[in-house]
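Peer 1: Sequence and predicted structure are below.
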Amino acid sequence: MIDSLDVSYGDMWGSYEGPAHPAPIPSALAARRHAAGMSYAVLLSSRERPLAMAERWPRGRWRLYLFDDASRRARMIDFEPLGTDKLLGVRNTRLTTSDEQGHEAGSESGEGRSPVRVPHCHAPAFGDWHVFAPFLAQQGHEPAATVVLNDVSVEEGAGPLRPTGIERLFVPGPRDTPDGPAVVEPADAGMLRITSGRLAVTDPGYVSDPRTVAVPPGEYPVTLSLLRTARSVEVAAARVTFLDTPPHAWEMTLRPDEDPGLLGEGEFYGVGVDTGTVAFMDATREVDDEMLDDEVFDPLSYVDRPSVELPGTGTEPNLIAFTAGWGDGSYPVWTGRTEDGQAACVVVDFRLCPTDQETDTPGGTGPSPA
């Protein structure tokens, strides 16, 4: 008889297999994501053994996984919204079976599907996880008439990634890095022309949704922080400077639909990189995809050419691209502002010189807006 369940929260599991969340989050953060219509996962356990995991998907959909005695996800039930306050079970899929020798077999085909025994349930408000208790019977568990829920989620941490040590990224001298000793060498990457009043920070191969910052039209210096080790020279950070005034405060450069309150400990919203390259450019600058290999990607070199300028024609804005730290991934973009709120500079940190917060917390890219 199951009369109590331990409740914990985390990011979506994906293909991860295990008895606990791979990336746990506090209940308060999960509640904020729930209110924003964003994804997260709820784990229901008993005596440190996982019994069910519910994933909240966009557009009111849910997916419930039921675990077997070996803490494997054995069954998957998909729910679609039914009206405004109910869920309809639409698929019931067996994921694992065991033969006589104990070997596992998985199935997400029609052969592994069976009717959903409980065809519908209430769409849960946050914390109302009793609605999933009846489904535990499909794995041989008998839930009590009243199931007590115990919140065992992790505590609130230090919050999103903080802009620590940004200025020091461009101070020349020795550094200790995860790969051993290195030396920082600032390098001039040219003058960036802004004509529209909006800077764009983006992967030059994917310019449809850049991070933008309002700045006065003009020409501004771009500086790279080169991290030289015994084996290579990497771009640790890149900066475009608009004012000689040192920044009074730093802020994460956000898109209009991004909310830092939905970020977990050490997480950030950043510039996504899929070509190993980031660019500073005017927000109105167009990029010819067919010319990128010859004019941007091929000329760049981790050995002796970390940046390249793609000139504009006449008075049109140019583009300055540079290699992105470790390559593909996502990297935080910080805007340094003066006391009266003007943008003094924008920095992309490729996280080759991690701060104590980045070293001590898992961090990573934040969730996508709903």
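Peer 2: Everything's here; your move.
Peer 1: Which residue is the nearest non-sequential neighbour of residue 77?
Peer 2: residue 64 (4.5 Å; C-beta to C-beta, 6 or more residues apart in numbering). Just so you know, the C-beta spots here come from the backbone N, C-alpha and C atoms, and that holds for glycine as well.
Peer 1: Pretty sure that neighbour sits against residue 87.
Peer 2: No - using C-beta atoms under 8 Å, residue 64 makes no contact with residue 87, being 9.4 Å away.
Peer 1: Need the overlap of contacts for the two.
Peer 2: Common contacts of residue 64 and residue 87 (C-beta atoms under 8 Å, 6 or more residues apart in numbering): residue 79.
Peer 1: any idea where the strands of the stretch 101-250 of the chain begin and end?
Peer 2: For the stretch 101-250 of the chain, the strands defined by DSSP state E, counting those that start in this stretch occupy 104-106, 120-122, 143-151, 173-177, 180-194, 198-203, 206-214, 218-228, 233-241, 249-252.
Peer 1: which of these sits most buried?
Peer 2: strand 233-241 (a mean of 24; mean count of other C-beta atoms under 10 Å).
Peer 1: out of the strands of the stretch 101-250 of the chain, which comes closest to residue 323?
Peer 2: strand 233-241 (5.1 Å; C-beta to C-beta).
Peer 1: wait, residue 25 sits on residue 156?
Peer 2: No - using C-beta under 8 Å, residue 25 is not in contact with residue 156; the gap is 9.4 Å.
Peer 1: quick one: residue 307 from residue 232, how far?
Peer 2: Separation of residue 307 from residue 232 (C-beta to C-beta, to the nearest Å) stands at 15 Å.
Peer 1: One more: residue 61?
Peer 2: 45 Å.
Peer 1: Between these two, which has more neighbouring residues?
Peer 2: residue 61 (15 against 11; other C-beta atoms under 10 Å).
Peer 1: got the angle between the top helix by length along the chain and strand 143-151?
Peer 2: Taking DSSP state H as the criterion, the chain has its longest helix at helix 27-35. Helix 27-35 and strand 143-151 are oriented at 110 degrees to each other (axes from the mean of the first three to the mean of the last three C-alpha atoms, to 10 degrees).
Peer 1: Quick check: buried residues in helix 27-35?
Peer 2: By 16 or more other C-beta atoms under 10 Å, the buried positions in helix 27-35 come out as 27, 29-30, 32-34.
Peer 1: where are the low-confidence patches of the protein?
Peer 2: Scanning the chain for pLDDT under 70 picks out 96-119, 355-370.
Peer 1: Next, count neighbours for the nearest residue to residue 259 once chain neighbours are set aside.
Peer 2: Leaving out its chain neighbours, the residue that sits closest to residue 259 by C-beta to C-beta, 6+ apart is residue 36, at 6.8 Å. Residue 36 is flanked by 15 other residues according to other C-beta under 10 Å.
Peer 1: was I right about residue 36 contacting residue 263?
Peer 2: No - contact status for residue 36 versus residue 263: not in contact, 11.6 Å apart, counting by C-beta under 8 Å.
Peer 1: can you tell me which residues contact the residue nearest to residue 315 when sequence neighbours are not counted?
Peer 2: Spatial nearest neighbour of residue 315, chain neighbours left out: residue 195 (7.1 Å); criterion: C-beta to C-beta, 6+ apart. Applying C-beta under 8 Å, 6+ apart to residue 195 gives the contacts 217, 282, 284, 315-317.
Peer 1: Can you select the buried ones among these for me in ChimeraX?
Peer 2: Selection command for ChimeraX covering only the buried members of these, criterion 16+ other C-beta under 10 Å:
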select :282,317
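Peer 1: And the contacts of residue 195, which is closest to residue 145?
Peer 2: residue 284 (63.8 Å).
Peer 1: where does the closest one fall, phi/psi-wise?
Peer 2: phi -100, psi 0 (degrees, to the nearest 10).
Peer 1: How many neighbouring residues does the closest residue to it other than its chain neighbours have?
Peer 2: Counting by C-beta to C-beta, 6+ apart, residue 196 is the residue found nearest to residue 284 once chain neighbours are left out, at 4.5 Å. Neighbourhood size, residue 196 [other C-beta under 10 Å]: 15.
Peer 1: Would you check how far apart residue 196 and residue 148 are?
Peer 2: Taking C-beta to C-beta, one finds residue 196 at 59 Å from residue 148.
Peer 1: starting at the chain centroid, how far to the longest helix of the chain?
Peer 2: What separates the centre of helix 27-35 from the centre of its chain is 16 Å, taken as C-alpha atoms, centre = their mean, to the nearest Å.
Peer 1: Would you mind putting the CA coordinates of the helix or strand following that helix into CSV?
Peer 2: Sequence order places strand 40-46 as the next helix or strand after helix 27-35, per DSSP states H and E. Taking C-alpha atoms only, strand 40-46 is exported to CSV below (Å, rounded to 0.1, in the frame of the first residue of the first chain):
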residue,chain,number,x,y,z
TYR,A,40,9.9,20.6,-16.0
ALA,A,41,9.8,17.1,-14.4
VAL,A,42,8.2,15.8,-11.2
LEU,A,43,9.5,12.7,-9.6
LEU,A,44,7.3,10.6,-7.3
SER,A,45,9.3,8.2,-5.1
SER,A,46,8.7,6.0,-2.1
